[in-house]
Structure formats: C-alpha cells, structure tokens
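K.L.:
Sequence and predicted structure below; questions after.
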Amino acid sequence: MAGLGKRQNTGETSFIDNVTGQKIVKLGGLEFPPRKVWMKTFGCQMNYHDSERILSHLKDLNFSHTEEKESADLILFNTCAIRDLANTKFYSQLGEIKHNKKKNEKLVVGVGGCVAQTEGKALVKKYKHLDFAFGTDVIDSINDLVFRSYAGDGKFSVNAWDRSTDFSIETKITHGSPQAFVNIIKGCNKYCSYCIVPYTRGKERSRKCKEVVEDVRKLVKYQGIQEITLLGQNVNSYGKENNESLAMLITELDKIEGLELIRYTTSHPYDVSDELIAVHGTAKKLSNHLHLPVQSGSKAVLERMLREYTPEHFLNLCNKLRKANPNIILSTDIIVGFPNETQEEFEATLKLLDEAQFDFIYSYVYSARKGTKAAKMPDSLTDDIRGERLRYLQSYQLKIQEKLRAPLKGKTLRVLVDGQSNQKGIKKWKGRTNGNRIVHFEPVDADKNYLWHWVDLEITSATALSCQGKLLKDHGKKIESHDFQCSLG
Ligand code: 5AD
Ligand code: SF4
C-alpha cells in the first residue's frame, strides 16, 4: 500500500441513517456503523502514546473505546518486545481471544507494535483467529488497515517503514486529562547490544522544533493541556538532522503561557549535552525530575553493552546536573545479569547506586532478545543468579531511597491529582509532584472530586516507596499563584 506512513487525506465522510438515527461513516464504498474497540497495551510510554493515537484515528471510523472485551467488534493488541515477560503475557492473551472469536464470528482481531513489526507475518500465519498485524511505523494508517479487513481482504501483515524525509505529525489525544505525551523523535540509532528497539522502531527521525511548539501551543489553548511529556526512544538525540536540539525546544516551550510542566523521556547519557544541562537551571517549567538510564555501574559491562560512556562520565553528568539545578531528582534503569556479568561487575553497580543517589530505579534481569548482539555473547549466568542479584540490588536501593526521602516529612509539595487510591480500606486521592514522587492524601471533603486539581500537601510521612500528605490548599484545576517553593520535591 502506498503512503502507509502518514494519512494525508483521510477520506472518511459521515451521514445520519434515516431509520436508526445513527451516525454512519463512509470510507471507500464501505459503511461503518457505530462499533466498539477494545485495546490492550503492553510496554513503554511510547506504546501507550501510540495506542491513544490509534484510538483517536479509529474515532473517525465510528469506533468508540470499550473496557469490556465481550462487547467489542474490534480487538487490538499493542505489543512490546523489550523483555521476555511482556512477550509471554501477550502471547497468552492473544491465545485466549480465540474464544471471543468463536462467540462472535464478525469480531476483527489485530496486533500492532514492536512484536508485530518483526514477527507480524508469522503471527498472522500461526493464529487462525488473528486477522491482521501492523508494525510501529504504520499506526497512522490504522483506518486503512481496518478498512481492508472489513472489505474482506483476508489475513494480512504490514510492517513497512515510513520513508518520507521529514517526520511530521500532530498530537492526538482522546482523554480529558490535562497531561499529554508529545512524540518528538521516533526510532533509535544507538544499537545498545542488548536492545531490540532499533530493530522494531527503525532509524531516528525528529519533528521540526517549530511544528512541536505550534502543536503544544494548540494543545494548551484548545485542549486544556497543562503538563506535557516529550517522548522519544532517545530523546536527547532530538533535532540532530535539522540542526536543532532538545535544549532549544525546551527553551521555546518554556515560553508558552498556560503550560505548567514539561517532562521528557527517555534519555541516553551519551547525548546529554552541556547546553541541555544548562537548560535544567534556566527553564522554569522543566520538571525537577530526570530519568537517566545508566544500565550498569561497571565500565567493562557498559563497554559490552555498547553504551559509549563510563561510570565516571555518568557520575560527572549527575554532578553537573545537580550544579545546574540543586533540586534535581534523578532516577535510572538498571539491567542485572548482562551476559557473563561477574560478581565484581555487579558490585560496581551497587557502588554506583551509592554514589549517584537515585530517588528511584527501574531494575530488570537481562533478557536475551533474538537478533541483538548480546544474544550471541557467551553467557554462563543462570536464572537463579540473575534473580538473586536483582533482589539484592532492589533491597540495596530501597535503603538508599528511604534515607533520601525521609527529609521530605514536613515539607509542602504541590501535586497534580491523577486518581484515587485505596490504602488499607481508606479512600484517598493521589498525584505526582513536580519531581515525579507519588503522594497520597485523605480528602477533607469525602464527596469532593479532586481529579486534575492542583493541591498543596504537607508531607506527613515519607518511606522508600510511598509518601502521605495532608491537604493544605486546593487550587482547583488551574494554578493562580506560582509559588515555586511548593514545586521543589
Ligand atoms: N533485557 C532486560 N532489560 C532490557 N531493557 C532493554 N532491553 C533489555 C533487555 N534485553 C531495559 C533497559 C531500558 C528499559 C526500557 O528496558 O533498562 O532502559
Ligand atoms: Fe535501546 Fe539503547 Fe536505543 Fe535505548 S538507546 S532504545 S536502550 S538501543
């Protein structure tokens, strides 16, 4: 199919059916009555962002989102290939869908995302009840693919790369929240030896700075967005091909009136420039939290991972960032049990945790991914050793975290409330601070809806994993007073 990367002219038209009074969408001779789509997303924020984009496109084809699988006309999976666990979960859920298809012959089933990019053809062949698979670079053509399926095109798989020279999109959101992910760069050129992403997401391509700024300006003005997260597999590479940079982009976004908070993820330490570090000291709206995946504290393991930096370089970056913004809160990703990781190499990671003082970490056991360089490396480690190292590392970090967070008690932090929580039977609300810490609080008025309110909380307890707060002030859905003291944690 031509033009799979981008849909320029969508071609859908709609009319109201005289008899049923329902809206009918017409596309290429087919009529689409109101239908329901159920979608399961695995993996990273990029996948969740893609899913939202898919749902937004499908709205144009008369599909509304349902949480009930049984009532769906279309079932979609957005898959993740980064570790074995997400893979296994996806395969078992895909298997179960065969019962839904038995009950409802008209049900259409599609699989997208990273697994579909590399395994789509084989999946469609293997699973009788799977109608189509679509890769990561054709999500903007989802309506054409669904159309093909309803037009009776049989089983098919599409994993073409978008070969247009520029990457140009508009952010699409379907939710009513004031938070939005904004994809600014796709793909990854790094080829870290353990990682499947460059194979499932393709080469790096950035949107132009001007386009992103205009996009965010519209999100703020017309869709009530107050907090954005700039997204990319390696967001620090943003703009290289256009002589632009993440630092430049953040500086421009910082000027947008009505925008409250800017976050970005995910970073690669090699590409964190001095210019970007400086922006952490100057941009008022840039979050005080930075997620900076280090993966290992061993120089030799980092070399085998092809990460292009040493532990010293990484620690130096942390120091420079803390100098630029003394309130910065750092977190990281760690992989334990990289092929043939020795006990000494593992201990070097523990040492790095001591030195870097991360506020939290995501840690994983190494999982061999087919086609990557690391999957071919000699490896004598057992699953038991890997599991043991992971548990040790996690409890080691918890002690660091506990010490680091204890001084939060008594401070006042501002939080954007994003949901409810139930702790030991007590109904609470929860939200994230500027520094990305989750705080729970009991409402003063039990019946009040605090969702998407900005509130100031006095921290009453802070442990390694959870913070509790007392409600001091409810600002409502917009902040009037910009008292930045509240934004430091
Ligand atoms: N095995 C284990 N963890 C991995 N990650 C990426 N690839 C692998 C793998 N093969 C982790 C890295 C990365 C995070 C998103 O997932 O820590 O930063
Ligand atoms: Fe994977 Fe490395 Fe690219 Fe991150 S920078 S997506 S770990 S290859």
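P.N.:
Thanks, I have the structure now. Ligands and ions are numbered 1, 2, ... in the order given.

K.L.:
now do the same end-to-end measure for stretch 297-311.
P.N.:
Stretch 297-311 has its terminal residues 6 Å apart, counting by Cα to Cα, to the nearest Å.

K.L.:
Can you mark which positions in it are buried?
P.N.:
Residues of stretch 297-311 classed as buried: 297-298, 301-302, 304-305, 307, 309, 311 (neighbour count, 16 or more other Cβ atoms under 10 Å). C-beta coordinates here come from the backbone N, C-alpha and C atoms, glycine included.

K.L.:
wait, does the longest helix seen in the chain contact ligand 1?
P.N.:
Scanning the chain for the longest helix, with DSSP state H as the assignment, gives helix 383-405. No. Helix 383-405 stays clear of ligand 1 (Cβ under 6 Å from any ligand atom), getting no nearer than 9.9 Å.

K.L.:
For the remainder of this discussion, apply numbering that starts at 761.
P.N.:
Sure thing, new numbering starts at 761, so read that last one as helix 1143-1165.

K.L.:
Give the rounded mean pLDDT of whichever helix or strand comes after that helix.
P.N.:
Using DSSP states H and E, the next helix or strand after helix 1143-1165 towards the C-terminus is strand 1172-1183. Mean pLDDT, computed over strand 1172-1183, is 94.

K.L.:
Go through strand 1172-1183 and flag the buried ones.
P.N.:
1172-1178.

K.L.:
residue in the stretch 1011-1160 of the chain nearest to ligand 2?
P.N.:
His1028 (4.6 Å; Cβ to the nearest ligand atom).

K.L.:
For that residue, what are phi and psi?
P.N.:
Per-residue torsions, His1028: phi -120, psi 120 (degrees, to the nearest 10).

K.L.:
of the buried residues of strand 1172-1183, closest to ligand 1?
P.N.:
Distances from ligand 1 to those, taken by Cβ to the nearest ligand atom, are shortest for Asp1178, at 21.9 Å.

K.L.:
can you pull out the helices in the stretch 911-1060 of the chain?
P.N.:
957-961, 969-983, 1006-1013, 1034-1042, 1059-1064 (DSSP state H, counting those that start in this stretch).

K.L.:
Save these as a markdown table, and put in distance to ligand 2 and mean pLDDT too.
P.N.:
Compiled in a markdown table, these are given as follows (distance: least, Cβ to the nearest ligand atom, whole Å; pLDDT from 0 to 100):
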| stretch | distance to ligand 2 | mean pLDDT |
| --- | --- | --- |
| helix 957-961 | 4 | 94 |
| helix 969-983 | 20 | 97 |
| helix 1006-1013 | 14 | 98 |
| helix 1034-1042 | 16 | 98 |
| helix 1059-1064 | 12 | 98 |
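
K.L.:
could those helices be laid out in CSV, adding distance to ligand 1?
P.N.:
Output for these, formatted as CSV (distance: least, Cβ to the nearest ligand atom, whole Å):
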stretch, distance to ligand 1
helix 957-961, 7
helix 969-983, 23
helix 1006-1013, 18
helix 1034-1042, 19
helix 1059-1064, 12
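
K.L.:
Switch those helices over to CSV; also include distance to Gln1183.
P.N.:
CSV is the format used below for those (distance: least, Cβ to Cβ, whole Å):
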stretch, distance to Gln1183
helix 957-961, 36
helix 969-983, 32
helix 1006-1013, 36
helix 1034-1042, 34
helix 1059-1064, 39
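
K.L.:
which one of these lies closest to Thr931?
P.N.:
Between Thr931 and the helices of the stretch 911-1060 of the chain, the shortest gap by Cβ to Cβ is with helix 969-983, which sits at 5.3 Å.

K.L.:
mind saving the C-alpha coords of that closest one as CSV?
P.N.:
Extracted in CSV, the C-alpha atoms of helix 969-983 (Å, rounded to 0.1, in the frame of the first residue of the first chain):
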residue,chain,number,x,y,z
CYS,A,969,11.0,22.4,16.5
LYS,A,970,8.6,24.9,15.0
GLU,A,971,6.0,22.2,14.5
VAL,A,972,6.3,20.8,18.0
VAL,A,973,5.9,24.3,19.6
GLU,A,974,2.8,25.0,17.5
ASP,A,975,1.4,21.6,18.4
VAL,A,976,1.9,22.2,22.1
ARG,A,977,0.6,25.7,21.9
LYS,A,978,-2.7,24.3,20.4
LEU,A,979,-2.9,21.5,23.0
VAL,A,980,-2.6,24.2,25.7
LYS,A,981,-5.0,26.6,24.1
TYR,A,982,-7.7,24.3,22.8
GLN,A,983,-7.5,21.1,24.8
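
K.L.:
Any stretches of the stretch 811-960 of the chain with poor pLDDT?
P.N.:
Within the stretch 811-960 of the chain, not a single segment meets pLDDT under 70.
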